[in-house]
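1. fold the following for me, if possible:
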Amino acid sequence: MLSRSKRLTTEQYQRAFDKGTLNHSTKATLRLLFVSGEDVGSSLWAVNVPKKVSKLAVVRNKIRRQTFEAIHDILKSDDYELQASDERSAWAIIIWKPTVLDATYEQIIEYVEELMIKAGIIVKRG
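-> The predicted structure follows:
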């Protein structure tokens, strides 16, 4: 699971949501804001699973936990390189669409990878 120190605070979430750029896929939307200046640090993440996906909080929380775990696994993987640097870092919000409801954990990892590569947060090594 992604540690709390790697997650957006409420104020950071609102700023990324208001000013971030959108990257769409069939299963999710990634809202991304590259920050610089005093806000530079490690990349920070948030996951939003709306009630439109499922009315049950248990189901939404499961998807949220799986997504945070997928982000953690991707960032720790040797297959990818993070594009953030000392001058800028990424604040990203993943907003799931109802089509994610029937996805397995492996598919969630694929969807998150696809969004991160499309947005330019990570690149494949080699």
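2. distance of the nearest residue to residue 48 once chain neighbours are set aside from residue 87?
-> Residue nearest to residue 48 in three dimensions, not counting chain neighbours: residue 95, with 4.4 Å by CB to CB, 6 or more residues apart in numbering. For glycine as for every other residue, the C-beta is placed from the backbone atoms N, C-alpha and C. Residue 95 sits 27 Å away from residue 87 when distances are taken as CB to CB, to the nearest Å.
3. which one of the two has more residues nearby?
-> A side-by-side neighbour count of residue 95 and residue 87, using other CB atoms under 10 Å, places residue 95 first with 17 against 9.
4. the more buried one: which element?
-> Using DSSP states H and E, residue 95 sits in strand 88-96.
5. could you export that strand as CSV, CA atoms only?
-> C-alpha atoms of strand 88-96 as CSV (Å, rounded to 0.1, in the frame of the first residue of the first chain):
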residue,chain,number,x,y,z
ARG,A,88,9.3,19.5,-10.3
SER,A,89,7.1,16.8,-8.9
ALA,A,90,3.7,15.3,-9.9
TRP,A,91,0.5,15.6,-8.1
ALA,A,92,-1.9,13.0,-9.6
ILE,A,93,-5.5,12.1,-9.0
ILE,A,94,-6.9,8.9,-10.5
ILE,A,95,-10.7,9.0,-10.9
TRP,A,96,-12.3,5.7,-11.8
